[in-house]
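Novice: Dropping a prediction and its sequence here:
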Amino acid sequence: MKYITAKGQKMSRFSLGTVQIGMTYGLGEHKEKPSEEAAFQLLDQAMDLGIDNLDTANNYGDAEAVIGRWLNKRRANQQALPWIVTKVGPFNHGSADILRDDILRQTEGCCKNLGVETLDCLMLHNFEDYEKDPDVIRKVFQEMKEQNMYRYSAISAYSRHDYGIIADSGFDATQIPLNVFDWGQIENGGIEKIAKADMMIFIRSVFLQGLVFHTPEDLDPRMSFCVPYLRRYLELCKEFAVSPAVLALSFVLSVPGVTTAVLGCDTAQQAAQNCRLFDQTIALTDDQMALLRDAFIHIDPRVINPGCWFNHT
C-alpha cells in the first residue's frame, strides 16, 4: 500500500468508502448490504492490507453504527484502529440557533454511533449548507474544535461548485469528484486553489461510475456519445502500458495536491483487488498528463454527467 502525509496525518492513498456496509447501494451483483459479520471481515481485511482510513457518513444507513461496533471489538482485542472521516448534514437553517443545535446534534450522534469522544475528521456533506450560512457554520465548527469534538474539518463538494469558496473556508480538507475525463476544475484553477490553501483533498468518482471499465463495443447504444472518448482512453492505456483502472487511479493521484482516493468495496476480496490496483499506479509524467488533457479537455459534457446517461434515475 502507498501512503502520504498531509497536515501531519499519515494515511494510505486508498480510503475505503463504507456506504455499501450501511445500506443497499448500487446496481452490481453485491448490491444488498452485507451481514455484520461480512462487514467486519471487509473492515478487518482492509486494515490487514494497509488501508488505514475509512470514509463514512451519518446518512449511510447504519454504516456508522456497524463501524462503531467493529471499532469496539478491535479495541477489546488491542488491534490497530483506522483514521475515520464522517459526514453530517443537511441542516435546518431556520435560524442561527437552530442551525447550531442541528450541527451539534448530528455531530454528537456521529460520536455516539462510532463510540468515540473525538472524531478524526468531521465533514460537511453538502456544500450548499456551507454556502448558505458560512459565518455561522465556521463559528459552530470552531466551538466544536475547542470542545475537542473533532480533529480535522472538511467540506464535500461537486465539480459545479466554487472551489475558491472552499479554499477560503479555513477548513482542513475537502472531498471532491475527479476523473480522467473531467478537467474542468483543473483548467479553471479550482483544485490548485484548494491545494494552495494547504487542504487535504479526498477524491471520489475515480472510475466515473464504471465507465472506464467498458469498451466501445459493450456500451449501450444510448451512450454512443461516449464512444470516441472511451476509444481514445483505451488507446492511451496501451501507450502508457497500464490497465484502464490503473490509469484512472494514476491520473487522480498524479494531480498536485490530491491526498487519497475513496473507493467503495462490497467484499473483502474486492478490497484486496483494489489494493493491487493502487500498488500498480504510476506517477504520470508531464507529457502523459498533456496527452490526457488534449484528449478530453473539450469532452462532450454528457460524458462526465451521469445524470445525462440513459440509466439515470
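Specialist: Looks like it came in fine. Note that the coordinates shown come from a computational prediction; the quantities given were computed from them, not determined experimentally.
Novice: CA only for contacts and neighbour counts going forward, please
Specialist: Will do.
Novice: where does the stretch 201-313 of the chain dip in pLDDT?
Specialist: 311-313 (pLDDT under 70).
Novice: in it, which spans are strands?
Specialist: 258-264 (DSSP state E, counting those that start in this stretch).
Novice: what's the answer for the stretch 51-200 of the chain, then?
Specialist: Using DSSP E, counting those that start in this stretch, the strands of the stretch 51-200 of the chain run over residues 53-55, 83-88, 119-124, 150-156, 173-177, 200-204.
Novice: Reformat those strands as a markdown table; add distance to residue 138 and mean neighbour count.
Specialist: Below are the strands of the stretch 51-200 of the chain laid out as a markdown table (distance: least, C-alpha to C-alpha, whole Å; neighbours: other C-alpha atoms under 10 Å):
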| stretch | distance to residue 138 | mean neighbour count |
| --- | --- | --- |
| strand 53-55 | 22 | 22 |
| strand 83-88 | 14 | 21 |
| strand 119-124 | 11 | 22 |
| strand 150-156 | 10 | 21 |
| strand 173-177 | 14 | 23 |
| strand 200-204 | 18 | 23 |
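Novice: can you list these in CSV and add distance to residue 101?
Specialist: Formatted as CSV, the strands of the stretch 51-200 of the chain follow (distance: least, C-alpha to C-alpha, whole Å):
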stretch, distance to residue 101
strand 53-55, 24
strand 83-88, 13
strand 119-124, 15
strand 150-156, 16
strand 173-177, 23
strand 200-204, 27
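Novice: Would you mind telling me which of those is nearest residue 308?
Specialist: Closest of the strands of the stretch 51-200 of the chain to residue 308 is strand 173-177, at 16.7 Å (criterion: C-alpha to C-alpha).
Novice: which strands and helices sit next to that closest one?
Specialist: strand 150-156, strand 200-204 (3 or more C-alpha pairs under 8 Å, 6 or more residues apart in numbering; DSSP states H and E).
Novice: As TSV, those with distance to residue 80 would be great.
Specialist: Output for the helices and strands packed on strand 173-177, formatted as TSV (distance: least, C-alpha to C-alpha, whole Å):
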stretch	distance to residue 80
strand 150-156	19
strand 200-204	22
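Novice: Please name whichever of those is nearest to residue 264.
Specialist: strand 200-204 (9.3 Å).
Novice: what does the closest one rub up against?
Specialist: 6-7, 172-178, 194-195, 252, 257-263 (C-alpha atoms under 8 Å, 6 or more residues apart in numbering).
Novice: ok so, going back, residue 77 is nearest to which of the helices and strands packed on strand 173-177?
Specialist: Per C-alpha to C-alpha, nearest to residue 77 of those: strand 150-156, 24.7 Å.
Novice: which residues are in contact with that closest one?
Specialist: Here strand 150-156 has contacts from 118-127, 141, 144-145, 166, 171-176, using C-alpha under 8 Å, 6+ apart.
Novice: Ok, stretch 231-242 next?
Specialist: 215, 216, 243, 244, 247, 288, 292, 295.
Novice: Let's have these in TSV, adding neighbour count and distance to residue 204.
Specialist: Shown next, in TSV, are the contacts of stretch 231-242 (neighbours: other C-alpha atoms under 10 Å; distance: C-alpha to C-alpha, whole Å):
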residue	neighbour count	distance to residue 204
215	14	22
216	16	24
243	17	19
244	20	17
247	26	15
288	15	22
292	18	19
295	17	22
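Novice: hmm, back to that, so for residue 65, which of the helices and strands packed on strand 173-177 sits nearest?
Specialist: Closest of these to residue 65 is strand 150-156, at 17.8 Å (criterion: C-alpha to C-alpha).
Novice: Run the angle between the closest one and strand 83-88 for me.
Specialist: 60 degrees (axes from the mean of the first three to the mean of the last three C-alpha atoms, to 10 degrees).
Novice: any idea of the mean pLDDT for strand 150-156?
Specialist: Strand 150-156 comes out with an average pLDDT of 98.
Novice: follow-up on the earlier one: switch the contacts of stretch 231-242 over to JSON lines, and while doing so, append distance to residue 309 to every line.
Specialist: Converted to JSON lines, the contacts of stretch 231-242 look like this (distance: C-alpha to C-alpha, whole Å):
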{"residue": "215", "distance to residue 309": "16"}
{"residue": "216", "distance to residue 309": "15"}
{"residue": "243", "distance to residue 309": "24"}
{"residue": "244", "distance to residue 309": "21"}
{"residue": "247", "distance to residue 309": "23"}
{"residue": "288", "distance to residue 309": "29"}
{"residue": "292", "distance to residue 309": "23"}
{"residue": "295", "distance to residue 309": "21"}
